[in-house]
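# I'll drop the sequence and a predicted model, then ask my questions.
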Amino acid sequence: MSKTQDQNYHEVRKKLMPQMKRCRNRSIRIKVELILLALKLGNVSLACKRLGLGRTCFYKWWKRLVKAKFKIQALDEQSRRPKRSPNKINRYLERRIKQYRRIGYGPDMIRELLIREGKKPISASTINHVINKRVPGHLKPKPNKLRKHRKRYELPVPGQRLQIDVKYSPMTVGGQTIYIYVAVDECTRWRFNRAYKAVNHYSTIDFLERLEKEMPFPLHVLQTDNGQEFSNKLNCMNRDWHEMDVWCDERGYEHQLIPPGVKELNGKVERSHRIDAEYFYGNAPTDNIDRFNEAMVYWIRYYNLHRPHGGLQYQTPLEKLRERIKNLRKWCYVNKKVEAIRMKFTKSVKMIEEPVGKRESAA
């Protein structure tokens, strides 16, 4: 410094103090106090020691203040965020991610769908940043913890067991409530749905007849809850065999009931109800039940042939079925019951392999 210490201190103080009257930023006030104290004492080390700061802190902010011609706004902390990010995904991908998000898909499903479109793989965390508008993790509300689920399971042979349930439509169709019968294969998640105006044993038998024709593999076990449309077990007025039991016996199928109140055993079909509620019911026609069923045919065809499934490692039910056809030909013996089911499946594989391909091309 060319001037004396006292003159320098008073000149700098004269420039800074009028600005400090309008400043409420605590960080700026501390830095101004450090600079003035160092100039007054003529000893940077002693001033920094009194305020508990480092010498580098003084020289950094002193140079910045001189460069700004003693305007205290230069002492404010500036964002260190880069002006551009070379690894940021382009706007087209961001727009595509948001389109899938509006449909209701999550990060993992969006990632799989983008890969199927031929896009470069993007991590689920990056997709999540785009969905949440890059909100920092500590600002996001913490989700409620779900209770621990029972161990999940898979059956090796398609058709080995189907879960069947009934779901009422959340909206009225043709001015009345309708009921949707749903069947899901536990191995491939292949589905079949049909809507009816009433839920009773007549609707159940009609649904089973259609199910038997539509499923591309032989059936073995049909698992249901204890509703009166499926069983008379909980009907105190009628303990005789239910029409569904008679129908299954005539065709050699086993009708299996889950214990009352244990919906986890029908978890796959329960999960499919949620998928229908998220992606189908809101767009389905509601003028009459025939149009509703026609729309459901197209929805189930899309679900079986083209929609990736998180429970199948993001395979479609069709891809899972073809993978099972290929692998079950190289099967090692496990037990007598499963071996009989596998043999029946592999014998009918020639009959189902070609129609599935035709359905895919038609879709």
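Received it, and whenever you're ready, just let me know what you need. Residues are numbered from 1 along each chain as shown.

# where do the helices sit along this protein?
5-20, 26-41, 44-51, 55-67, 91-103, 107-116, 124-131, 201-214, 243-251, 267-279, 289-305, 317-328, 336-362 (DSSP state H).

# mind showing which ranges of the stretch 101-250 of the chain have poor pLDDT?
134-152, 236-239 (pLDDT under 70).

# again, only using 90
Applying pLDDT under 90 to the stretch 101-250 of the chain flags residues 101-106, 117-157, 159, 168-175, 200-201, 216-218, 226-243, 245.

# mind putting the helices of the chain in CSV, mean neighbour count included?
The way it works is simple: take the backbone N, C-alpha and C, and place the C-beta from them, glycine included. Below are those laid out as CSV (neighbours: other C-beta atoms under 10 Å):
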stretch, mean neighbour count
helix 5-20, 14
helix 26-41, 18
helix 44-51, 15
helix 55-67, 14
helix 91-103, 14
helix 107-116, 18
helix 124-131, 18
helix 201-214, 16
helix 243-251, 15
helix 267-279, 17
helix 289-305, 17
helix 317-328, 18
helix 336-362, 13
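
# ok, of those, where does mean pLDDT dip lowest?
Of all the helices of the chain, mean pLDDT reaches its minimum on helix 336-362 (a mean of 65).

# and Lys83, backbone torsions?
Main-chain dihedrals, Lys83, degrees, to the nearest 10: phi -70, psi -20.

# quick check, central residue of this structure?
Gly106 (3.2 Å; C-alpha atoms, centre = their mean).

# circling back: dump the helices of the chain to TSV, plus distance to Ile258.
Shown next, in TSV, are these (distance: least, C-beta to C-beta, whole Å):
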stretch	distance to Ile258
helix 5-20	75
helix 26-41	64
helix 44-51	72
helix 55-67	69
helix 91-103	32
helix 107-116	29
helix 124-131	34
helix 201-214	16
helix 243-251	14
helix 267-279	10
helix 289-305	24
helix 317-328	23
helix 336-362	20
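
# quick one: which of these is nearest Asn193?
With distances scored as C-beta to C-beta, the stretch of the helices of the chain nearest to Asn193 is helix 289-305 (5.3 Å).

# which outside residues touch the closest one?
For helix 289-305, contacts defined as C-beta atoms under 8 Å, 6 or more residues apart in numbering pick out 169, 173-174, 178, 180, 190-197, 275-276, 279-280, 283-286, 316-318, 359-360, 363.

# for it, output the C-alpha coordinates as CSV.
Provided in CSV are the C-alpha atoms of helix 289-305 (Å, rounded to 0.1, in the frame of the first residue of the first chain):
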residue,chain,number,x,y,z
ILE,A,289,-71.0,-52.8,-21.4
ASP,A,290,-70.4,-54.2,-24.9
ARG,A,291,-68.2,-51.2,-25.8
PHE,A,292,-66.5,-51.5,-22.4
ASN,A,293,-65.6,-55.1,-23.1
GLU,A,294,-64.3,-54.3,-26.6
ALA,A,295,-62.0,-51.6,-25.2
MET,A,296,-60.8,-54.1,-22.6
VAL,A,297,-59.9,-56.6,-25.3
TYR,A,298,-57.5,-54.1,-26.8
TRP,A,299,-56.1,-53.2,-23.4
ILE,A,300,-55.4,-56.8,-22.4
ARG,A,301,-53.9,-57.5,-25.8
TYR,A,302,-51.5,-54.6,-25.3
TYR,A,303,-50.8,-55.7,-21.7
ASN,A,304,-50.0,-59.3,-22.8
LEU,A,305,-48.0,-58.6,-25.9
